[in-house]
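[1] Quick one: sequence plus predicted model below, questions after.
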Amino acid sequence: MLDRRQIDQLRADIVFTAELGGRLLTLHSTWGLFSPREIDEGTRLLIQHIEVGPGDDCLDLGCGYGPIGLALAALALQGQTLMVDKDFVAVDYANRNAARNGLANARAILSNGFDQIDPERRFDLIASNIPAKVGKELLALYLHDARARLRPGGRLYVVTVNGLREFMKRNLSEVFGNYDKLKQGAHYTVALARREPGRGAR
């Protein structure tokens, strides 16, 4: 059985540093959030292959404690980065990590996918580390909603387990009319789709 000291240690924030968006950031997380002790392999692969403009308005869909969103905010200091998650604990940690690292252009809100995001808000870039167990129905909704919220020429970057690679290729091609596999690693694949200017809504 755990003693009081061990219990207190489990309650304390997990703290580590990671280089994200060209900056060394201090991150706090806690048990129950995804990959609480380190940046996971899929997230690292995704961040390595995202191209971000300095003025891009970005969205981190399913932000956890914020590593993707904070990397985007660090790379797009002239834009605004919104982070969303359906877990209120994740949102709290993402906001505190943004403040802790001086990234005033990033903030997190509680939202199940896009449902709490201002319907008029548009993005130049959306990025997501999509959980393997998200379900194909919800994933299809995410892709359609992401396309609708991107400005013409906007980009959607996703990383998924390799088992979802063909599903993503098929569905991104159907929803966006294009698909680009940027990197396939041992366990994860990073893909890109663009909202092509002049292409009508579906």
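    Perfect, thanks for sending it.
[2] other SSEs contacting the helix or strand harbouring His28?
    In the assignment (DSSP states H and E), His28 maps to strand 23-29. Identification of packing neighbours for strand 23-29 by 3 or more Cβ pairs under 8 Å, 6 or more residues apart in numbering; DSSP states H and E yields strand 14-20, helix 67-75, helix 88-100. For every residue, glycine as well, the C-beta is placed using N, CA and C.
[3] and of those, who's closest to Arg37?
    In terms of Cβ to Cβ, the element of the helices and strands packed on strand 23-29 nearest to Arg37 is strand 14-20, at 5.6 Å.
[4] ok, back up a step: so what strands line up beside the strand holding His28?
    When pairing is defined by DSSP bridges, strand 23-29 lines up against strand 14-20 (antiparallel).
[5] quick one: least confident helix or strand in the protein?
    In the chain, the helix or strand scored least confidently by mean pLDDT, DSSP states H and E is helix 4-11, which has a mean of 84.
[6] What is the subsequent helix or strand relative to the lengthiest strand in the chain?
    Ordering each strand of the chain by length in residues (DSSP state E) puts strand 150-161 first. Using DSSP H and E, the helix or strand that follows strand 150-161 in sequence is helix 165-176.
[7] now that next one and strand 150-161, what's the angle there?
    Here the directions of helix 165-176 and strand 150-161 differ by 170 degrees (axes from the mean of the first three to the mean of the last three Cα atoms, to 10 degrees).
[8] can you pull the buried residues of helix 165-176?
    Met168, Lys169, Asn171, Leu172, Val175, Phe176 (16 or more other Cβ atoms under 10 Å).
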